[in-house]
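1. The following comprises the amino acid sequence and a computationally predicted model.
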Amino acid sequence: MATAAVLPPRDVPTTMNYYAQGENKEAPYQYVSDPPAGKPKTNVDKDTRSVVVHDARGREADFNLDQNGFQYVKHVSQEKEFRDDERIKEVYYKEVEELLKKEVGAKRVFIFDHTVRRKNPGDVPSDDPFKAPIRGPVHYVHIDQTYQASINRVHHHLKDEADRLLKGRVRIINVWRPIGNPAYHKPLAVSDWRKLDTNKDLVSVRLIYPDREGSTFSVKYNPQHEWWYLGGQTPEEVTLIKCFDSEEDKARLTPHSAFLDEGSPKEAPERESIEIRALVFDSE
């Protein structure tokens, strides 16, 4: 399945869905579960813009987490189907921990979440992460955590150890890979940190859980943004996506989104993928 031929590098003219304020003018929010009666689940809207997504095929070594906020690495997993959550946690989590220790020098890795994305019969396309009824590819520019939400995650998951761990370097890194076949339809795009204006482009969105509150970054359109993807990315090719870094002299995060590639092979299977979200520490 994953041995399909890799296509030559090809830049893709497409569109990205950026942040726009909805009709409700209160601070941006999103309810994870059902909202209170009479209140919309979110007041975030989208601003669709034309962009070009550049193909990193053949240039994979030019990108790294500390410079660009993303990185491409080779990795063969024992797990192929990713349909059993317990097996994912038992087998794949361990692989990802070792991968992050090898590739980014982590001393300790705490995986707090994973999401499998695939199209099932009857699925409704998910144009953005706020109104999507299913776990399909998310066609909306975002970063999974704000700076403060990232710090709060350390406290939430590691409690008594949090203050000690936060004295050292802390990162949140997503580990993304296709499942079963190359990601031709709705591949993943990442935006170079160096072209992001963090003072103007990032919009904090309250993420309201039944028992707590977090926050994510939506992103305003900026023509300086530089988008990249790995053409025909196979299940043996992993994208590392930085969502937070406590060290301010390095790339701290990278916006990302699925995108529509009209030039992808029509006969190719629908994209399936898995992303792991991990707290990464430079100390034990």
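-> That came through fine. Everything numeric in this text was worked out from a predicted model, so none of it was measured.
2. And the strands in the chain?
-> Here the chain has its strands, by DSSP state E, at 12-21, 29-31, 44-55, 70-74, 108-117, 142-143, 170-178, 188-191, 202-208, 213-219, 227-229, 237-245, 256-258, 273-281.
3. The second one - contacts with which helices or strands?
-> Right, the one you point to is strand 29-31. strand 202-208 (3 or more CB pairs under 8 Å, 6 or more residues apart in numbering; DSSP states H and E). C-beta coordinates here come from the backbone N, C-alpha and C atoms, glycine included.
4. contacting residues around the strand it packs on?
-> Defining contact as CB atoms under 8 Å, 6 or more residues apart in numbering, one finds that strand 202-208 is touched by 19, 27-32, 35, 42, 44, 130, 143, 146, 149, 196, 213-220.
5. Report the buried residues of it.
-> 202, 203, 205, 206, 207, 208 (16 or more other CB atoms under 10 Å).
6. ok, so of the residues you listed, who is nearest residue 65?
-> residue 202 (18.6 Å; CB to CB).
7. returning to that earlier point: using CSV, lay out the strands of the chain together with mean pLDDT and distance to residue 265.
-> As requested, these are arranged in CSV below (pLDDT from 0 to 100; distance: least, CB to CB, whole Å):
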stretch, mean pLDDT, distance to residue 265
strand 12-21, 97, 13
strand 29-31, 95, 35
strand 44-55, 97, 15
strand 70-74, 98, 21
strand 108-117, 96, 19
strand 142-143, 98, 27
strand 170-178, 98, 14
strand 188-191, 98, 17
strand 202-208, 97, 35
strand 213-219, 97, 29
strand 227-229, 98, 15
strand 237-245, 98, 17
strand 256-258, 98, 17
strand 273-281, 97, 17
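8. closest to residue 264 out of those?
-> strand 12-21 (8.7 Å).
9. Direction included, what does the closest one pair up with?
-> When pairing is defined by DSSP bridges, strand 12-21 lines up against strand 44-55 (antiparallel).
10. Need the contact partners of the strand it pairs with.
-> 9-23, 28-30, 127-128, 130, 140, 189, 205, 218, 220-221, 225-231, 259, 261.
11. Of these, keep whichever come out buried.
-> So, by 16+ other CB under 10 Å, the buried ones in the contacts of strand 44-55 are 12, 14, 16-19, 22, 28-30, 127-128, 130, 140, 189, 205, 218, 220-221, 225-231, 259, 261.
12. does residue 47 have beta-bridge partners, and which?
-> Counting by DSSP bridges, the residues bridging with residue 47 are residue 18.
13. rewinding a little: could I get the strands of the chain as a markdown table with distance to residue 61?
-> Listed next are those as a markdown table, based on distance: least, CB to CB, whole Å:
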| stretch | distance to residue 61 |
| --- | --- |
| strand 12-21 | 21 |
| strand 29-31 | 37 |
| strand 44-55 | 14 |
| strand 70-74 | 8 |
| strand 108-117 | 24 |
| strand 142-143 | 24 |
| strand 170-178 | 18 |
| strand 188-191 | 16 |
| strand 202-208 | 28 |
| strand 213-219 | 27 |
| strand 227-229 | 13 |
| strand 237-245 | 13 |
| strand 256-258 | 20 |
| strand 273-281 | 21 |
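14. And these: which comes nearest residue 267?
-> strand 170-178 (16.4 Å).
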